[in-house]
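Colleague: what's the 3D shape of this:
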Amino acid sequence: MSTQGWMPGGAPPDEPTPLNELNEVLELGARHTRMALRRARRGQNRDSDSEELYTPAIAGESDPSFLENQTMKCEIKHLDRKYNDKGELYFAERGGADDDAAAKPRQPGWWRLYAFCVVRLFDRAGKVLPKHTRLYINPTPLRALLRDVIGNYPSDPINVHDVQIVAPYYALFHYRKELESVGLKRFEGDGKEKDAEGNFESAAQLRMLLMWIDTHFALAIEAHWRCVNPAGEGIKAITYEYLWTLSPPQQLIHTKVLEQHRVYKVISSSWYQDQEHVNPGLMFTVTYIDYDGDRMGTRLANLLIREYKGSKELCELNAMPLELLDNADDVRAELLARGRRFEAYTGQHFESYDGIAVKTDEKGNHAKFSVQGRIMIDCKTYHRLEPNDSFRVVQSSESAEREKARLKAKGKTGFASDKRIHDPLSDEEACMANATIRGFSFTVKRFLEFFVDNVSPIEWNEQCFDELVLDAVTK
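Modeller: Predicted coordinates for the structure are as follows:
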């Protein structure tokens, strides 16, 4: 089954995405490279040729001296980025006099003199690329602020040297409060007087950006606020259109898997639909903690909330933010306790089990087995003897570096320990731990996944010798 993914906040596309602009850059760049090589062979190495070698950079932008000693305007400019007849990219004011594909580009970088530019991208045929509208943020202090606050937002990371936030700008929605608090603290002067670092202008630009965010996301902000701050009977509900507002990246999201409370960390979200354009929904890519027999680390998973009509209570959805659960504290405490037990079961353990165990097939279906008796918890042997049902986790960077150093030391001296030392899980990581552990059932005679809550120490019969029918002297 193939899927189409796109960021939330708009209708799913009915047509394939137009030719990516990167392909256009590569194509045109290769063509100009060939032209330059031909000129070089003819001895025509002119200065202009060296500039053409790097097209399609924005036409006329090779001379940054134009921007020196220029005052940046605290404005939001609506522009179009197009191709002229020479195949050069240029910026034109939307609906302005220079809104013509044959127009001569203005002075270099004129558009960078505006603090913010909302730019539509056009292809070579003059058609708008609907999913490529961008917000250019030109002030250097604001670029640094966005890098520090937002960082590597999924599918739209912040490049401090050229900040272009792609529509529908969800990074700005999710981090609007942090931008305000951190930004106003950084740009002291509060817009009233210029401080020692000259941040009067930056504070004004930040306020304009925050005002634009509030205006652009007015309906989304209202829907989100009504959901997390319910009035009256306290019903937390939201429409499908604004479901994306509840789960930004790094948010903990709660669901139930095999009747077990589970918590995952959101990496990204996107609208989903299958190849037949049916069963659409909001897909979350998430991570959780697991143990693969050698290492403790993270695994990826997907959670899907199907499209629904009207407004729904969060408790009716199959997944919702952990913090919005009515009994969030109780669930968190339960998950933390279970996660600590999961952490203690790394390696091999001879335990007792009473309950349902599962076996997952290739299609993700769960076969259930009733197990009552002794089990051997041993994920490493499980993966060795059941290779088609094995997995590998991704370690944190610190753990990976430590493991690399251990193996390096062992290769040089031969004295390094074979035993891996796992970093203790944080409370958040413990809450994200898997609900099952892998091992062998001596009752069913199969490798299975056992629920942590059903595992207990073996109760040995200490009176067994007293119950033997033997002569007292012999006993």
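
Colleague: can you give me the helices for the stretch 51-200 of the chain?
Modeller: 140-149, 170-174, 176-186, 200-216 (DSSP state H, counting those that start in this stretch).

Colleague: Deepest in the core, which of these is it.
Modeller: Neighbour counts (mean count of other C-beta atoms under 10 Å) averaged over each of those peak at helix 170-174, with a mean of 21. In this view, the C-beta of every residue, glycine as well, is placed from N, C-alpha and C.

Colleague: Show me what that one is packed up against.
Modeller: helix 200-216 (3 or more C-beta pairs under 8 Å, 6 or more residues apart in numbering; DSSP states H and E).

Colleague: which other helices and strands contact the helix it packs on?
Modeller: strand 73-83, strand 114-121, helix 140-149, helix 170-174, helix 176-186.

Colleague: Now do it and helix 140-149, the angle between them.
Modeller: 60 degrees (axes from the mean of the first three to the mean of the last three C-alpha atoms, to 10 degrees).

Colleague: and helix 200-216, how far out from the chain's middle?
Modeller: Distance of helix 200-216 from its chain centroid, counting by C-alpha atoms, centre = their mean, to the nearest Å, is 26 Å.

Colleague: Just after it, pick out the following helix or strand.
Modeller: helix 218-228 (DSSP states H and E).

Colleague: Could you pull out the buried residues of the following helix or strand past that following helix?
Modeller: Going down the chain from helix 218-228, the next helix or strand is strand 237-239, by DSSP H and E. Within strand 237-239, the residues that qualify as buried are 237, 238, counting by 16 or more other C-beta atoms under 10 Å.

Colleague: What helices and strands are in contact with strand 237-239?
Modeller: Looks like strand 237-239 contacts helix 218-228, strand 311-313 (3+ C-beta pairs under 8 Å, 6+ apart).

Colleague: related to what we said a few turns ago, could I get the helices and strands packed on helix 200-216 in TSV, plus columns for distance to residue 446 and mean pLDDT?
Modeller: Listed next are those as TSV, based on distance: least, C-beta to C-beta, whole Å; pLDDT from 0 to 100:
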stretch	distance to residue 446	mean pLDDT
strand 73-83	61	89
strand 114-121	57	91
helix 140-149	51	92
helix 170-174	45	93
helix 176-186	50	92
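
Colleague: closest to residue 442 out of the ones you listed?
Modeller: helix 170-174 (49.8 Å; C-beta to C-beta).

Colleague: Would you mind writing the CA trace of that closest one as PDB?
Modeller: Presented in PDB, the C-alpha positions along helix 170-174 are these (Å, rounded to 0.1, in the frame of the first residue of the first chain):
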ATOM      1  CA  TYR A 170       2.800  25.200  11.600                       C
ATOM      2  CA  ALA A 171       6.200  25.700  13.300                       C
ATOM      3  CA  LEU A 172       5.200  29.300  14.000                       C
ATOM      4  CA  PHE A 173       1.800  28.200  15.500                       C
ATOM      5  CA  HIS A 174       3.300  25.500  17.800                       C
END
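
Colleague: Contacts for it, please.
Modeller: Among residues not part of helix 170-174, those counted as contacts by C-beta atoms under 8 Å, 6 or more residues apart in numbering are 7-9, 135, 150, 153, 156, 158, 165, 179, 209, 213, 217, 220-221, 244-245, 248-249.

Colleague: Could you do stretch 353-365 as well?
Modeller: Taking C-beta under 8 Å, 6+ apart as the rule, stretch 353-365 contacts 258, 366-375, 388-389, 436, 441, 444, 446-451, 453-456.

Colleague: Domain parsing of this structure, as residue ranges.
Modeller: 4-138, 230-323, 341-456 (automatic domain parsing).

Colleague: rank these by mean pLDDT and give me the bottom one.
Modeller: With a mean of 62, domain 4-138 has the lowest mean pLDDT of those.

Colleague: And the residue nearest the centre of the protein?
Modeller: residue 267 (2.8 Å; C-alpha atoms, centre = their mean).

Colleague: helix, strand or coil for it?
Modeller: Classification of residue 267 using DSSP: H, G, I helix; E, B strand; the rest coil returns strand.

Colleague: Test my guess that it contacts residue 288.
Modeller: No: using C-beta atoms under 8 Å, residue 267 is not in contact with residue 288; the gap is 10.9 Å.

Colleague: hmm, back to that, I'd like to know which of the helices and strands packed on helix 200-216 lies nearest to residue 236.
Modeller: helix 170-174 (18.7 Å).

Colleague: With only the CA atoms kept, save stretch 430-449 in PDB.
Modeller: Coordinates of each C-alpha in stretch 430-449 appear next as PDB, following Å, rounded to 0.1, in the frame of the first residue of the first chain:
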ATOM      1  CA  ALA A 430      10.200   5.000  31.300                       C
ATOM      2  CA  CYS A 431       6.700   6.200  30.600                       C
ATOM      3  CA  MET A 432       7.400   5.600  26.900                       C
ATOM      4  CA  ALA A 433       8.700   2.000  27.400                       C
ATOM      5  CA  ASN A 434       7.000  -0.900  25.700                       C
ATOM      6  CA  ALA A 435       4.300  -2.800  27.500                       C
ATOM      7  CA  THR A 436       5.600  -6.200  26.500                       C
ATOM      8  CA  ILE A 437       8.900  -8.100  26.900                       C
ATOM      9  CA  ARG A 438      10.100 -11.100  24.800                       C
ATOM     10  CA  GLY A 439      11.000 -14.600  25.900                       C
ATOM     11  CA  PHE A 440      10.000 -18.300  26.000                       C
ATOM     12  CA  SER A 441       7.000 -19.900  27.600                       C
ATOM     13  CA  PHE A 442       7.800 -23.400  29.100                       C
ATOM     14  CA  THR A 443       4.000 -24.000  29.200                       C
ATOM     15  CA  VAL A 444       3.200 -23.200  25.500                       C
ATOM     16  CA  LYS A 445       6.700 -24.100  24.300                       C
ATOM     17  CA  ARG A 446       6.800 -21.000  22.100                       C
ATOM     18  CA  PHE A 447       8.600 -17.700  21.900                       C
ATOM     19  CA  LEU A 448       6.000 -15.000  22.800                       C
ATOM     20  CA  GLU A 449       5.600 -11.400  24.000                       C
END
